[in-house]
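J.: fold the following, please.
(chains A, B and C)
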Amino acid sequence: MSDTRTEEAPPPSDGGPREPEAPKDRAGLLAYLIGHQSGVVIVVALVIALLIGAALIRYQGVNPWYAYEVLLRGALVNDGALTRTLQKTAPLVLTGLAVVLPLRVGLFNIGAQGQLQLGAIFGAWVAYVAGGAGFLGAVLGMLVGIVFGSVVGLLVGVLKAYRGVHEVISTIMLNYIVAGVTFWLVVGPLQGESSRTSGIPQTESIPEAARLDTVAGVPVGFAVAVVLAAVCWWVLGRTTFGFRFNTVGANKEAARYAGVPINRVVVLSMLAGAGLAGLAGALEALGTLHRFEPAIVGSLGFDGITIALLARANPLATIPAAFLVGILRTGAAGLQFQTGIAPEIVDLLLALILLMVSIPVLGKWLFRSRADKQSVATTSWGN
Amino acid sequence: MERLSTWASKNRTPLVIAAAVLVAAYAFNLVRGDIAPSMFGAAWGYAIPLVLAALVGVIGERSGVVNIGIEGQMLLAAFAGFFVAAVSGSMIVGVLAGIGTGLVAGGFLAVTAVRWRMDQIIAGVVLNIIATGLTSFYLVSGQSLPGVIPNVSVPLLSQIPLLGEVFFSGRSVIALIAILAAVLVHLALFHSRWGLRTRAVGEYPSAADTAGIKVERLRMVNVTLAGSLAGLAGVYLSMDASSTFEREMTAGRGFLALAIMIMGAWRPLRAFSMALFFGFVNATASQLQQTGGFSIPPQLTATLPYVATLVVLAVAAGRVRPPGAVGQPYVKKDQ
Amino acid sequence: MKSTRYLVAVPAALALALAGCGGSTGTSGAGGDTGSDTGSGDTAGYSTDDSNCADEEVFCIGLVTDTGNVDDKSFNQSAHEGAEAAATELEGVYKYIETQDAKDYAANMAQFTDNSYDAIVTVGFLMTEATVAAAEENPETKFIGVDQGYPEGTELTNLTGLIFPEDQAGYAAGFLAGLMTETDKLGQVLGQEIPPVQKFAKGFENGAKAANDAVSVQTVYHPAGDNAFNDPVWGAGEARKQLAQDVDVVFGAGGNTGNGALQEVAKADGAGESVYCIGVDTDQWDTVPQAQPCLITSAMKLITKGVTDTLMTAESGEFEGVQTVGEAGIAPYHDFEDTIPDDVKSQVEEIVAQLQDGSLETGVTL
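T.: Numbering: from 1, shown residues only, chains lettered A, B, ... in the order given. Model prediction:
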């Protein structure tokens, strides 16, 4: 599954936060590794993480290979499993992108959680209200999801660009604020009529016609996510617009010198990323739960961070990365059913994967800092 | 005497605010003596782990290292403290294990973020996710603590009306340590050689380097040692404030501590006051809920600290300024 | 090539740390090739080998939680124990799945239906709709939904929702508290503001006022949505504050949040002599032993018994209806048998009897 990443030698115009040119005198293996470290290092990291995971499973008294086999079968082979995995992958691709886009500009969006939640509740509500319009209602729900996600992103971007508020702090704060507000909405003004008597915190169920279904086993949401990942890749890699993103991310001074409107780029990156997270929320509401419940978020937003780092900030690579996370999340229940291993093992595996893939970030640092003897932070706290 | 007056004139605004707050607190106590002390007590109880955690953030950022892994450090320490105490049958062993775990978690951040120059925020995120994964997977139920952390009353100080009652009477040892830690970190940061060096390293590392300070080493030491305070905060949560460990029981307190650090302008004593302020907001919210009256939905009052932080940051941008080199690994120019 | 060295060194160190960690905490699922040995492995009188569930002779029980764990010292755990008991009694098969994601309810139930399980217990009202849908799809399988009230017009013979008169348990506990209080102040530290909790709380308040009309009840719900049942520190803080405001009986109802309140009261001065606490859901004398110094009783809904009984019914015949009403009541007084005056006990007994025969209404409406 993950082997697909090896052939993902990033095109020159598309190398994550851009590497400075390697000096001419550095030849051979080192240069090769710099060029290919994304693919190679990530596969190595994944393998190591899964091996440690195997040791932990062994320690629980279960044969790890059997456990992994059960997990894979539960996520890919069993009846309808692949569809469910793709269904889980769809929002993950989008939250991955929600982290990737700002990351290209040098911003770290850890607020996908909140952006998704706000998009989900309003997307669900609008799709319910406009449910009579059938598919149009679904489209409207998705658009509203994007809009409300973006509103959160806009706030973060403006605070960052014009008031110097660090995006990590503002997104953390907004995660909590959104969680409080949406919970209040779902037990108050937006609570479904039928749920009011039973008191269940959920919105009204979205009418059948306005739901997103699967076409030939492929969830509509997944198709949407893949298309958007491709669009992001194309925009970032092939357009002037994307070039500006990368320039700001690589070197603000140079970007300013080249006349790039930095503030606008910063705001736009947050806006776009958060919009995608909002869309992910709306898709979840329209495609899986058919309404909003506070539990809709799960850990989708935080998984987005893992995915973005796993994908090395490459939009196309978020698809396999999200697929991997989707497999783990989908297979977990079957794993408990078959082997008795608590499903939290998946959280542990994801933590290990994140640790392993981000340690090569260090490798990158080392390579880079030796290359130009200068520290370049992907994210800088102070300014 | 003269030094005192220069000190007072230099710190006029905080002093005036502190005096005003004190007067208001005593006035409130006079009017509603039935609920005031308990509300202040609840505010302080709420603030204790936040003070400790905010100090972790302050030390880290003053040295130029962002620590958003405080939540994870606390969670790991709460876990280790509780289970080691339960298994070993000794509270003190548990507390030490918790603090030790905090140190190890601090060391993790130091090694990854400082030595390996991994992005500091990513390092913190990794720490949080690992902590959640480990503690929820390895949680076993049915354990209980062998004892309690003793409550103490400080002689003399506990006799002060209201203040003594809230801070110095019948509070646990950890609460006293939290007060002490805030004062000590303040003194150390602003009135010691270590503090001067730390601030130099966090503000302008290349100058500090030129002056002969080993930037990386100081950062590593600071971040690691600060972990012990996070450890203590975790221990407080699972062994003192409650007597149980539950999955994700830190409930966002590590992140709230970051907000408090910022609201406290990266200064220990102001962070201490901010933690108390948030504690009081919380106590007021629950008091309003409890006595009925006009009701703001509790879900919304719970977001107040976060809204306040955003507003302060937006309004006071430029005046509330983080240390200059925060977030950036330091690389010697001539390496 | 520095980085490759780290790549190897770090995982090794981590694995060591983890191994040590697991060792020190002892029993974490040790030897567990089954999912059902959490905490009570020695009582497992049932099998987890579900290979012949299709066989008429073998009764297979599955349980799915709604985003919670079966060791939650609360309703998931009660239902889990009930299912264990039934499986033991019937010499059947039992397994469970702890749901991680609200979107997996259907898939998790399908794990059981795909393996021809005979009965599936779904725990928690969040699974109401998913359970109805699954019951419609699998007419051969019996479904029991704990805490689930189905909409009017649900007509399925293979489905029953197990509901409890929480208000009655709360009422009886409140009545006891109203008689026990010296200060005429009672406190409630509650989890999320949802129907089962509200019914407990309002019942408690009405019961307390019926026993003692001078009493005032201070009620506080956890403000956050996501961790409202999992914040023992908050619960403890609120309990401490209530005690400082002269409350002398605290009702902690809200999973771990409520448990935090109980434990705090147990640590307070005069615990068990002048201040008391009352638990919820199960007899918390057993589930939260730390609360024993102050725990005079618990407002129980007998989930364990309800689940066991309903499963037995499922095995032998037909459910009594789309809803099954379980029992609620208060737990034994345990060590407080002597502390509680006899006339208080007899009055409470009378109230419980009246509640049970329906001659007394709790007056709780949501």
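
J.: which helix or which strand is home to the closest residue to residue B:102 other than its chain neighbours?
T.: Ranked by Cβ to Cβ, 6 or more residues apart in numbering or on different chains and with sequence neighbours excluded, the top spatial neighbour of residue B:102 is residue B:231, at 2.0 Å. Where you see a C-beta, it was placed from the backbone N, CA and C, and this is true even at glycine. Residue B:231 is located in helix B:215-235, with elements delineated by DSSP states H and E.

J.: who are the packing partners of that helix?
T.: Applying 3 or more Cβ pairs under 8 Å, 6 or more residues apart in numbering or on different chains; DSSP states H and E, one finds that helix B:215-235 makes contact with helix B:36-62, helix B:70-88, helix B:91-109, helix B:173-191, helix B:193-203, helix B:205-210.

J.: where do the helices sit along the stretch 101-250 of chain C?
T.: C:105-114, C:128-137, C:166-180, C:195-211, C:232-244 (DSSP state H, counting those that start in this stretch).

J.: and the first one, what does it pack onto?
T.: Here helix C:105-114 is seen to pack against helix A:318-339, strand C:60-65, strand C:93-98, strand C:119-123, helix C:128-137 when contacts are counted using 3+ Cβ pairs under 8 Å, 6+ apart.

J.: for the chain, which residue occupies the most central location?
T.: Reading this off chain A. residue A:96 (1.7 Å; Cα atoms, centre = their mean).

J.: that was the other one, I meant chain C.
T.: residue C:75 (1.7 Å).

J.: wait, isn't it in contact with residue C:147?
T.: Yes - between residue C:75 and residue C:147 there is a contact under Cβ atoms under 8 Å: 6.9 Å.

J.: identify the residue of the stretch 51-200 of chain A closest to chain C, quick one.
T.: Residue of the stretch 51-200 of chain A nearest chain C, by Cβ to the nearest Cβ: residue A:183 (3.2 Å).

J.: separation between the residue nearest to residue B:102 and chain A?
T.: 20 Å (Cβ to the nearest Cβ, to the nearest Å).

J.: dump the residue contacts of that residue.
T.: For residue B:231, the contact set (Cβ atoms under 8 Å, 6 or more residues apart in numbering or on different chains) comprises B:73-74, B:77, B:81, B:98-103, B:105.

J.: again, but for residue C:280
T.: So residue C:280 contacts C:200, C:251-254, C:258, C:298-300 (Cβ under 8 Å, 6+ apart).

J.: pLDDT below threshold where in the stretch 1-150 of chain B?
T.: Scanning the stretch 1-150 of chain B for pLDDT under 70 picks out B:1.

J.: what parts of it come near chain A?
T.: B:61, B:66, B:68, B:112, B:116-123, B:125-126, B:129-130, B:132-134, B:136-137 (Cβ under 8 Å from any Cβ of the partner chain).

J.: next, the angle from the helix or strand hosting residue B:258 to helix B:70-88.
T.: In the assignment (DSSP H and E), residue B:258 maps to helix B:253-263. Orientation check (axes from the mean of the first three to the mean of the last three Cα atoms, to 10 degrees): helix B:253-263 against helix B:70-88 gives 140 degrees.

J.: right, is whichever helix or strand comes after helix B:253-263 up against chain A?
T.: Counting by DSSP H and E, the element after helix B:253-263 in chain order, helix or strand, is helix B:268-291. No - for helix B:268-291, no contact with chain A is found by Cβ under 8 Å from any Cβ; the gap never falls below 11.5 Å.

J.: which residues do residue C:75 and residue C:147 both contact?
T.: With Cβ under 8 Å, 6+ apart, residue C:75 and residue C:147 have common neighbours C:123-124.

J.: contacts for stretch B:9-22 next, please.
T.: Residues outside stretch B:9-22 that contact it (Cβ under 8 Å, 6+ apart) are B:8, B:270, B:273.

J.: please identify which of those is nearest to residue C:291.
T.: Within the contacts of stretch B:9-22, the smallest distance to residue C:291 is 34.7 Å, found for residue B:273 (Cβ to Cβ).

J.: any idea how far residue B:271 is from the residue nearest to that closest one when sequence neighbours are not counted?
T.: The shortest distance from residue B:273 to any non-neighbouring residue, by Cβ to Cβ, 6+ apart, is to residue B:264 (7.0 Å). As for residue B:264, its distance to residue B:271 is 3 Å (criterion: Cβ to Cβ, to the nearest Å).

J.: state the mean pLDDT of stretch B:188-208.
T.: The average pLDDT for stretch B:188-208 rounds to 93.
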